[in-house]
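Q: this one's sequence-less:
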Ligand SMILES: CC(C)(COP(=O)(O)OP(=O)(O)OC[C@H]1O[C@@H](n2cnc3c(N)ncnc32)[C@H](O)[C@@H]1OP(=O)(O)O)[C@@H](O)C(=O)NCCC(=O)NCCS
């Protein structure tokens with residue numbers, strides 16, 4: 001199989017993306033149409049990791065508002081006019097395709113999209129103890145107020161809201 005590469009996700013990738021999501025996030029289920037809506041609203045933020053003819057991972061991001069997180073399995077309806085972050089809804093790779101820098105490459109692509117859109121931060125909810133990994137990619141945990149904490153709880157008790165400030169000087173580990 002050829003080396004995996006990121007490309008824009010297509011509507012025809014939805015079945016594969018949804019199957020990977022169900023396999024990797026059995027406790028955080030989302031309907032395919034909820035994922036499809038993100039691909040429609042922000043095609044430039046939604047990428048598929050392709051290896052030959054196979055889809056082996058995906059990354060879904062869209063403009064959003066800092067300190068707010070969309071409800072799990074909920075429709076966005078529309079993107080905010082005054083978005084101040086690109087929200088990384090999810091990045092997931094099949095197990096055989098992890099550890100090869102795909103998440104780092106996805107974040108670099110999203111960073112480029114944010115910068116070209118005049119958006120100065122990236123946001124995400126870290127789950128499954130991935131906080132340290134996201135820290136390596138420049139994100140910092142943010143203390144959640146009671147309202148945000150309640151929403152985070154639907155992502156599991158270890159869910160952590162994290163931000164990456166794109167106006168901060170780059171650290172050496174971010175290359
Ligand atoms: C989390 C996930 C997306 C990471 O993807 P990946 O392609 O394996 O990550 P990368 O290879 O790009 O690694 C990114 C950085 O994190 C580091 N890293 C990887 N695993 C780590 C871990 N368990 N703890 C700390 N750092 C870690 C890597 O060393 C790399 O840093 P470096 O480039 O400075 O060496 C992938 O493991 C996955 O699909 N997991 C299941 C779904 C999931 O948890 N998604 C995240 C939801 S918030």
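A: Perfect, thanks for sending it. Since we're looking at a predicted model, the values are computed, not measured.
Q: and the biggest strand by length in the chain, how far out from the chain middle?
A: Criterion DSSP state E: the longest strand present in the chain is strand 54-64. Taking the mean of its C-alpha atoms, strand 54-64 sits 6 Å from the chain's own mean (C-alpha atoms, centre = their mean, to the nearest Å).
Q: in the next helix or strand after that strand, what counts as buried?
A: As assigned by DSSP states H and E, the chain's next helix or strand after strand 54-64 is strand 85-93. By 16 or more other C-beta atoms under 10 Å, the buried positions in strand 85-93 come out as 85, 86, 87, 88, 89, 90, 91, 92, 93. All C-beta spots, glycine's among them, are computed from the backbone N, C-alpha and C.
Q: and stretch 71-81, by the same measure?
A: Within stretch 71-81, the residues scored as buried using 16+ other C-beta under 10 Å are residue 76.
Q: which residues touch that stretch?
A: When contacts are defined by C-beta atoms under 8 Å, 6 or more residues apart in numbering, stretch 71-81 is touched by residues 28-31, 34, 37-38, 41-42, 62-65, 70, 151, 154-155.
Q: those in strands, which ones?
A: Applying DSSP E to the contacts of stretch 71-81, the entries found in strands are 62, 63, 64.
Q: and which of those residues is nearest residue 145?
A: residue 64 (16.7 Å; C-beta to C-beta).
Q: isn't residue 7 right next to residue 44, touching?
A: No. Counting by C-beta atoms under 8 Å, residue 7 does not reach residue 44; the two are 11.7 Å apart.
Q: higher neighbour count, the two?
A: Applying other C-beta atoms under 10 Å to residue 7 and residue 44 shows that residue 44 carries more neighbours, namely 15 against 12.
Q: looks to me like the more buried one is in a helix.
A: Yes. The assignment for residue 44, made by DSSP: H, G, I helix; E, B strand; the rest coil, places it in a helix.
Q: quick one: contacts for it?
A: 8, 113.
Q: need the per-residue pLDDT for it.
A: In this model, residue 44 is scored at 98, pLDDT.
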